[in-house]
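Engineer: Structure of the sequence below:
(one chain, ligands or ions: 1)
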Amino acid sequence: MLDELERLVDLQQLDSEIAELEAAAAAIPGQIRAMEEQLLHAKAALDEATAETEKLQKLRRQKERDLEEANRELKKRQSRLYEIKTNQEYSAVLKEIDGLKQKVSTLEEEILVFLDQIDAAVKDRAKEEEGFRFKEAEYLRDKQQRGGELREIQGRLAKLQGARKGRSKGVEASLLQQYLRLLKIRAGLAVAPASGGSCEGCHVALTPQLYNEVRRNEEILTCERCGRILYWKG
Ligand SMILES: [Zn+2]
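Structural biologist: From the prediction side, this is the model:
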């Protein structure tokens, strides 16, 4: 193979590898953010479940205070019954006692309903907490792993870029310019192999004469359609 062409093929291989690693490195922060978002969702669900449990417990405590108050009032009325002198007053206090008994019974029922609801809410919260702890551990593990991957990729990139720099020095200046321009406008592929009569860069058939010349690998030839530098792999 023509030396100049071989150097370009090598350079292209390095640039393709570099582009692939750069894309992998660039994707990592987004992957970490996506995991973070999942973790925040789990945290929000846990906070909501905690707030629900606390709200129900607060309501239950309020009902219990109401119940204590009603019981106190009830006892007061019941002890007053013995001091009452008139029938009219007696029946009025009895009526109050009935009302308070009814209130006590209603409050007791309401408290029982709250206890059931709190029981369910506590279970629900425990489930959310378990889910959150699991996701948190997973997130910390994955984040560390991704960080390690990123450092490894960066190390490999530094080596490849060093090699690339050395390799590009061996390419004649105007040819290197042509290569770099093609790399930019042709999605990172400036040097393409030809096979089956076509350019593998744009998949368009080459003229038989050009194809035959490319197969010799003896000069710098370009695809008439996409402009990529062509070579024969094999
Ligand atoms: Zn082409």
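
Engineer: Please count neighbours and contacts with C-alpha atoms only from this point.
Structural biologist: OK.

Engineer: Off-centre distance for the strand or helix carrying residue 41?
Structural biologist: Per DSSP states H and E: residue 41 is located in helix 3-80. Its chain's average C-alpha position is 11 Å from that of helix 3-80, according to Cα atoms, centre = their mean, to the nearest Å.

Engineer: cool, and stretch 82-90?
Structural biologist: That offset, for stretch 82-90, works out to 74 Å (Cα atoms, centre = their mean).

Engineer: helices or strands up against the helix holding residue 41?
Structural biologist: In this structure, helix 3-80 packs against helix 87-169, strand 191-195, with contacts taken as 3 or more Cα pairs under 8 Å, 6 or more residues apart in numbering; DSSP states H and E.

Engineer: Please name whichever of the ones you listed is nearest to the ion.
Structural biologist: Closest approach to the ion among the helices and strands packed on helix 3-80 (Cα to the ion): strand 191-195, 7.6 Å.

Engineer: what's the next secondary structure element after the closest one?
Structural biologist: As assigned by DSSP H and E, the chain's next helix or strand after strand 191-195 is strand 198-199.

Engineer: And stretch 140-153, what's buried?
Structural biologist: Buried residues in stretch 140-153, counted by 16 or more other Cα atoms under 10 Å: 143, 146, 147, 150, 153.

Engineer: now stretch 52-60
Structural biologist: Buried-residue list, stretch 52-60, by 16+ other Cα under 10 Å: 52, 53, 56, 57, 60.

Engineer: shouldn't the second one be in contact with residue 118?
Structural biologist: Yes - proximity of residue 53 to residue 118 meets the contact threshold set by Cα atoms under 8 Å, at 6.1 Å.

Engineer: got the contact list for the residue sitting nearest the centre point of the chain?
Structural biologist: Closest to where the C-alpha atoms of the chain average out (Cα atoms, centre = their mean) is residue 34, at 1.7 Å. Residues in contact with residue 34 (Cα atoms under 8 Å, 6 or more residues apart in numbering): none are found.

Engineer: circling back: out of the helices and strands packed on helix 3-80, deepest packed?
Structural biologist: Ranked by mean neighbour count under mean count of other Cα atoms under 10 Å, these are led by strand 191-195, which reaches a mean of 21.

Engineer: What helices and strands are in contact with that strand?
Structural biologist: Using 3+ Cα pairs under 8 Å, 6+ apart: strand 191-195 touches helix 3-80, helix 208-216, strand 229-232.

Engineer: interface residues of the protein facing the ion?
Structural biologist: By Cα under 5 Å from the ion, the residues of the chain that approach the ion are 199, 201, 202, 223, 226.

Engineer: Can you report how many residues lie near the first one?
Structural biologist: Looking back up the chat, that one is residue 199. Each residue near residue 199 was counted by other Cα atoms under 10 Å, and the total is 26.

Engineer: tell me the mean pLDDT for stretch 76-89?
Structural biologist: Stretch 76-89 comes out with an average pLDDT of 92.
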